[in-house]
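In: quick one: sequence and predicted model below, then my questions.
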2 protein chains.
Amino acid sequence: MSLYGVIPFAHHLLEKTITRGDTVVDATVGNGHDTVFLANQVGASGYVVGFDIQHDAIQNTWHRLKNDQLDEHVELIEDSHTRIEEIFKRKGYAAPKAAIFNLGYLPGSNKTVTTNSDSTITAITQLLELMPSKGLIVLVIYHGHEEGKKERDALLSFTSSLDQEKALVARYEFSNRKNHPPFLLALEKL
Amino acid sequence: MSLYGVIPFAHHLLEKTITRGDTVVDATVGNGHDTVFLANQVGASGYVVGFDIQHDAIQNTWHRLKNDQLDEHVELIEDSHTRIEEIFKRKGYAAPKAAIFNLGYLPGSNKTVTTNSDSTITAITQLLELMPSKGLIVLVIYHGHEEGKKERDALLSFTSSLDQEKALVARYEFSNRKNHPPFLLALEKL
């Protein structure tokens, strides 16, 4: 493919931004796919902090990280990503260089558990405060379901009104595909 | 910058797509910046065909290519890009692997000379016919002026209705910037 798919492009931007030794955030651990990706990006000298409110997501991802011997530089927190600021400050972690959010429900899991725009916007706001200049937040937005549509609209409204002196907001999407394909919002702190 | 600007992202996608020896199209030569970029990408074994309806654009770019010793594998045509199909067929050129359009007026030149959506859509349609699978068309759309707005709307309507079995259409834009920044449409032939 000459074009990037939405998830490959999210990963490409993270690769461009993250260097070994960085501290980064997986704001929605889910099946752990991005947690593993981030752990490999930051390497043994880096650190990944992952959040998920679902017990199964945390447990399954922890097993996966152990199997891949990546668990020593990852911390998984079974709680909302609205606690990012408190945890980073209390534990004295280095400023997060990058973060990813997969917004929607955990694939194959309970579809009534979804992310919601209030907590997502709270977490983004905290990250933009904590991050260094050039820090990157990528949001992969699944909006095929009712809650997803509301979250999408709230996030588009929030991000498009962010002060352009403080953050750049880029949007990447496929515009001729049916069935509400996911799209990407990427925020760079200035 | 962690994110790509619109023009750097257009060039990045072209770099990903083009290999040495390819034939490619600069549909809007303008100041020749993209023509030089494309000539360097395809190398001495490749070929660039450039179009512009403005005499000065063709003359200035030709001098630039001569200076950079890139003129031997570039052909500049002082005519509309709606002639792409006719010229490729008549001259027996290899199928174009990629094409770029900068849609708007020639920087620093006569602002009454603009591209228009009818000829742009005709040229895109011809390119999608001529191109091999994975061929890429990038469109950088300047829409700060009246003609630009009409062209933008016509192109968004045309591209978003392209059959998703025949071409993928991606859009990349900055959503929190003032003053109508340019955005990118990228089409991959399937």
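Out: Perfect, thanks for sending it. What you see is a predicted model; the values in this text were computed from it and never measured. Numbering: from 1, shown residues only, chains lettered A, B, ... in the order given.
In: assign a three-state SS to the residue nearest in space to the middle of chain A, would you?
Out: Central residue check for chain A by Cα atoms, centre = their mean: the C-alpha nearest the mean position is that of A:I100, 1.7 Å away. The three-state assignment at A:I100 reads strand, by DSSP: H, G, I helix; E, B strand; the rest coil.
In: got any ranges where chain A has weak pLDDT?
Out: Chain A contains residues with pLDDT under 70 at A:105-114.
In: report the buried residues of stretch A:137-148.
Out: A:137-143, A:147-148 (16 or more other Cβ atoms under 10 Å in any protein chain shown). Where you see a C-beta, it was placed from the backbone N, CA and C, and this is true even at glycine.
In: how about CSV for these, with distance to B:V25 and secondary structure added?
Out: CSV is the format used below for these (distance: Cβ to Cβ, whole Å; DSSP: H, G, I helix; E, B strand; the rest coil):
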residue, distance to B:V25, secondary structure
A:I137, 37, strand
A:V138, 32, strand
A:L139, 35, strand
A:V140, 33, strand
A:I141, 34, strand
A:Y142, 36, coil
A:H143, 36, coil
A:E147, 44, helix
A:G148, 39, helix
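In: these two touch, right, the residue nearest to the centre of chain A and A:D26?
Out: Yes. Contact criterion Cβ atoms under 8 Å: A:I100 and A:D26 qualify, at 5.8 Å.
In: okay, and the common contacts of the two?
Out: Residues touching both A:I100 and A:D26 (Cβ atoms under 8 Å, 6 or more residues apart in numbering or on different chains) are A:34, A:38.
In: show me where chain A has its strands.
Out: Counting by DSSP state E, chain A has strands at residues A:23-26, A:47-51, A:74-77, A:98-103, A:136-141, A:167-174, A:183-189.
In: make a markdown table from these and add distance to B:E188 to it.
Out: Below are these laid out as a markdown table (distance: least, Cβ to Cβ, whole Å):
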| stretch | distance to B:E188 |
| --- | --- |
| strand A:23-26 | 30 |
| strand A:47-51 | 33 |
| strand A:74-77 | 36 |
| strand A:98-103 | 24 |
| strand A:136-141 | 20 |
| strand A:167-174 | 10 |
| strand A:183-189 | 16 |
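In: now the ones you listed in CSV, with distance to chain B?
Out: Formatted as CSV, the strands of chain A follow (distance: least, Cβ to the nearest Cβ, whole Å):
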stretch, distance to chain B
strand A:23-26, 12
strand A:47-51, 18
strand A:74-77, 22
strand A:98-103, 8
strand A:136-141, 4
strand A:167-174, 4
strand A:183-189, 5
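In: pretty sure A:A167 contacts B:N176?
Out: Yes. Counting by Cβ under 8 Å, A:A167 touches B:N176, with 7.3 Å between them.
In: close to chain B: what parts of chain A are there?
Out: Listed as neighbours of chain B in chain A under the rule Cβ under 8 Å from any Cβ of the partner chain: A:1-4, A:13, A:16-17, A:98, A:134-136, A:156, A:159-164, A:167-178, A:185-186, A:188.
In: just the buried residues of those.
Out: The neighbour count (16+ other Cβ under 10 Å) marks A:2-4, A:13, A:17, A:98, A:135-136, A:156, A:159, A:162, A:164, A:167-176, A:185-186, A:188 as buried among the residues of chain A next to chain B.
In: pull the contacting residues for A:D68.
Out: A:36, A:39.
In: what about the helices in chain A?
Out: With helices called from DSSP state H, chain A shows them at A:6-17, A:33-42, A:55-67, A:84-91, A:117-130, A:146-160.
In: output the contacting helices and strands for the shortest one.
Out: In terms of contact count using 3 or more Cβ pairs under 8 Å, 6 or more residues apart in numbering or on different chains; DSSP states H and E, helix A:84-91 is assigned the packing partners strand A:47-51, helix A:117-130.
In: residues contacting stretch A:171-182, please?
Out: By Cβ under 8 Å, 6+ apart, stretch A:171-182 touches A:4, A:6-7, A:9, A:104, A:140-144, A:148, A:183-186, B:156, B:159-164, B:167-175, B:185.
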